[in-house]
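Student: Dropping the sequence and predicted coords here.
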Amino acid sequence: MSIIDWIVLASFLIFIVTYGTWKSRGSKDVKNYLLANKSAPWYTMTLSIMATQASAITFLSTPGQAFVDGMRFVQFYLGLPIAMIILSITAVPIFHRLNVYTAYEYLEQRFDLKNRILGSVLFLTQRGLAAGFTIFAPALILSVLLGWDINLTIFVIGILVIIYTTVGGTVAVNKTHMQQMVVITFGMVMAFVMIYRLLPDDISVMDAAHIAGKMGRLNVIDFNFDLSTRYNIWSGLIGGTFLMLSYFGTDQSQVQRYLSGSSVTQSRMALLVNGLVKIPMQFIILFIGAMVFVFYQFVTPPIFFNSVEETNVKTSAYASQYKALEIQYDEIHQEKQSQIRDLLQAIDQNDENEIQQQKVKLNGINDQAKEIRKDGIALIEQANPNADTNDTNYIFLNFVISFLPVGLIGLVLAAILSASMSSTSAELNALASTSVIDIYKRIFKKDGSDRHYLLVSKMATIFWGAYAIGFAMFANKLGSLIEAVNILGSLFYGTILGIFLVAFYIKWVKGTSTFIAAILAEIVVLLCFFFTDMPFLWFNFIGCVLVVALAIFLNPINKSDQETQS
């Protein structure tokens, strides 16, 4: 990177930490620290909700996901608008009326303490680990740019986020989210524009779309009902709706964003606008990945996108073998370019016969390229048996660093780092809230002063930041980050949602039945994960339905036991 890019990137990082700390310097009590005095307008909450969800994983891994697998991942978000409507009608007025700090306070009011603790522990378990992913993603960037050890960069990024989140709490999170979303949006738009500017002069926008479509990268909607397929319209609408209901309705990192709203109307507006904007936003990010794929059809990509591992194999005893593979790889890509132009000519002539023939030839060339890449990865593993051989998360980063102009590289990387910091800060803030309000204050010290709980909240933020940093150091072996973080959430979200649905709608079911049902449902979900190949989106549906069904079934039994004991 150039000095200008470094200045842009460093200036932004310094600005965010300084701005968040300065703007939130007035957080003197727990209500202001955790809920921003319940004064946030809808547009601030909307940006904060989006920034919390859109971590660096979204902007770093999602384009790579589209590059490798096409755009069908967008179906993951199809249930979002449905979930936003349901939550606006049900959860928002309940939480506001009860004036709670966390979603789990409601569970004790409706059931009992053990359900509140269970909900809190499930949230703390999965969100604490997820925070590690959001720290790992930007550390990945800096480790590649600086050549630093990945663990060192994880530590640096984590400390930066911990500083302003600990000092300012929810006020700092909300204030910095607004600035970060502006940078994120502008950076991604500029990256999108530059992809088209870098394509060959004879390749139009429509040509690029045709290439992406014919090569399987615009596979947005799949109507086939197939439990072995991870992403289709059914898993998106059913599993996705349950996942989004749980994430936005029971995950404190999101609930805390709209609990800070000045009214029910303001909180509802924030959720509904998010439901309208998120799918187009995700579509565009995936489309950027599809266009990066098209770009690399006309520019020979590296055999492996992780430049650190490539450098390692090129300086090893296998350097000459790897160089020979690179020459073959380049020759095949030259042949592919010619084949793609023949395909475009057939498309212009609307000759379906010729189009199919050209696609068959193109697929054959792609298969040869995949074999060479496979051989290259084998050499990387021989040079370094501990190498991470999944480079999905490096694809977009490689494009940004290698091909964007001076200044814009720093801006796009600032956008990605911004997304990470915004998401991680919200997660740490929510983890601290739940730890203090639902665990510490409720069980260990019920009569502490406001000053005491404020201090404990800040200490909890530091603790969870350190916890996330620790887990981030193990996140490098988990493949596509965008999938890994959502798989992790799906292991717990269905169970948590089931508890809340029973609490909201089935008033005659008691706490003990719900608690037992939740434990059993969580065990079933974990068994499905470890011993079946079921797509992860269905875990949300299974966990939720099991909790509701088992709670209804067990309620008469528990009621009979209570009557016998009496």
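Tutor: Right, received. Where do you want to start? Numbering: from 1, shown residues only.

Student: Please enumerate residues in contact with whatever helix or strand residue 212 lives in?
Tutor: Residue 212 is located in helix 205-214, with elements delineated by DSSP states H and E. Residues from elsewhere that reach helix 205-214 (C-beta atoms under 8 Å, 6 or more residues apart in numbering): 196, 199, 203, 218, 290-291, 293-294, 297, 340, 343-344, 347, 355, 359, 362. Glycine gets a C-beta too; all of them are placed from N, C-alpha and C.

Student: Looking at those residues, spot the one nearest residue 427.
Tutor: In terms of C-beta to C-beta, no member of the contacts of helix 205-214 lies closer to residue 427 than residue 290, at 29.3 Å.

Student: How confident is the prediction for the nearest residue to residue 456 once chain neighbours are set aside, by pLDDT?
Tutor: With sequence-adjacent residues excluded and distances taken as C-beta to C-beta, 6 or more residues apart in numbering, residue 456 is closest to residue 436, at 5.4 Å. With respect to pLDDT, residue 436 scores 86.

Student: what about residue 436, neighbour count?
Tutor: Residues contacting residue 436 under the criterion other C-beta atoms under 10 Å number 28.

Student: Wait, a helix at it?
Tutor: Yes: assessed with DSSP: H, G, I helix; E, B strand; the rest coil, residue 436 lies in a helix.

Student: Quick check: it touching residue 455?
Tutor: No: if you go by C-beta atoms under 8 Å, residue 436 and residue 455 don't touch, sitting 9.9 Å apart.

Student: how about residue 462, what does it touch?
Tutor: So residue 462 contacts 162, 166 (C-beta under 8 Å, 6+ apart).

Student: do you know how far it is from residue 162?
Tutor: 6 Å (C-beta to C-beta, to the nearest Å).

Student: And the helix holding residue 212, what's buried?
Tutor: Buried residues in helix 205-214, counted by 16 or more other C-beta atoms under 10 Å: 207-212, 214.

Student: Kindly indicate which of those lies nearest residue 321.
Tutor: Looking across the buried residues of helix 205-214 and measuring by C-beta to C-beta, the closest to residue 321 is residue 211, at 31.6 Å.

Student: And the pLDDT for the closest one?
Tutor: Value listed for residue 211 in the pLDDT field: 88.

Student: start the count at 15, not 1, going forward
Tutor: Sure, I'll start counting at 15 from here, so that last one is residue 225.

Student: Against residue 87, how distant is it?
Tutor: Noted for residue 225: a distance of 20 Å to residue 87, by C-beta to C-beta.

Student: Check residue 464 too.
Tutor: 45 Å.

Student: If you count surrounding residues, which of the two has more?
Tutor: More crowded of residue 464 and residue 87, by other C-beta under 10 Å: residue 87, with 25 against 12.

Student: Identify the residues contacting residue 112.
Tutor: 119-120, 123.

Student: Buried ones among the residues you listed?
Tutor: Buried, going by 16+ other C-beta under 10 Å: 119-120, out of these.

Student: how about the contacts of residue 112 in CSV, adding secondary structure?
Tutor: Below are the contacts of residue 112 laid out as CSV (three-state DSSP):
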residue, secondary structure
119, helix
120, helix
123, helix
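
Student: What is the nearest of the contacts of residue 112 to residue 443?
Tutor: Nearest to residue 443 among those is residue 119, at 16.5 Å by C-beta to C-beta.

Student: How confident was the prediction at the closest one?
Tutor: Reported pLDDT for residue 119: 86.

Student: low-confidence ranges in the stretch 315-464 of the chain?
Tutor: Applying pLDDT under 70 to the stretch 315-464 of the chain flags the ranges 432-434, 436.

Student: mind listing the helices in it by residue range?
Tutor: 321-328, 333-362, 366-397, 409-417, 422-448, 464-486 (DSSP state H, counting those that start in this stretch).

Student: hey, which of the ones you listed is tucked in deepest?
Tutor: Most buried of the helices of the stretch 315-464 of the chain by mean neighbour count (mean count of other C-beta atoms under 10 Å) is helix 422-448; its value is a mean of 28.
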